[in-house]
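J.: this is a predicted model, with the sequence first.
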Amino acid sequence: MEKTEQTRQRLRDLFADQYLAVLSTHGDGQPYASLVAFAASDDLKALYFATARSTRKFANLAAHPAAAMLIDSRTNRMADFHEAAAATATGAAEEIPEPERGPIQAQFLEKHPHLVDFVTAPTCALVRIKVDCYYLVSRFQNVVELHITH
């Protein structure tokens with residue numbers, strides 16, 4: 001398997017195993033981090049999360065769509081220094097328009113069925129990060145970049 005496909009498979013495996021990610025946005029001159037439930041598109045071109053439109057993260061993204069999302073495999077044990085992997089995705093965020101929302105919402109809820117009431121509320125935005133690049137770090141020193149073409 002070529003290195004790019006190996007990296008893609010490692011990302012898919014990590015994303016399948018993890019339910020939460022750290023979203024980083026920018027607002028009021030400061031970075032802002034939030035814990036979010038997420039899902040990934042099969043082709044890795046997008047990451048999805050849901051948020052109320054009244055949140056700081058949503059306001060930050062409306063003003064500055066550049067975002068980063070960190071998904072990692074840590075277990076809060078000493079072994080994480082050698083065993084954990086972390087993927088940072090960078091890209092631009094946008095609310096998914098209603099005509100596109102159905103299949104993406106279904107995919108998101110397949111991973112997070114407990115969030116159905118939240119995600120289907122009229123005050124909830126389903127957001128897509130169009131990923132430009134993944135930075136996959138393992139063993140705290142091995143860094144692989146995967147650039148995504150749209």
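T.: In hand now; what should we look at?

J.: what segments of this protein are strands?
T.: Along the chain, counting by DSSP state E, strands occupy 20-27, 30-40, 46-52, 66-72, 85-95, 124-138, 142-147.

J.: which strands and helices sit next to the longest one?
T.: On a contact count with 3 or more CB pairs under 8 Å, 6 or more residues apart in numbering; DSSP states H and E, strand 124-138 meets helix 3-17, strand 46-52, helix 56-63, strand 85-95, helix 98-111, strand 142-147. Heads up, the C-betas are built off the backbone N, CA and C, glycines and all.

J.: right, and these - which one's nearest R77?
T.: For R77, the closest of the helices and strands packed on strand 124-138 is strand 85-95, at 14.1 Å, according to CB to CB.

J.: list the strands paired with the closest one, with their directions.
T.: strand 66-72 (antiparallel), strand 124-138 (antiparallel) (DSSP bridges).

J.: so K45 sits against L146, correct?
T.: No: counting by CB atoms under 8 Å, K45 does not reach L146; the two are 11.1 Å apart.
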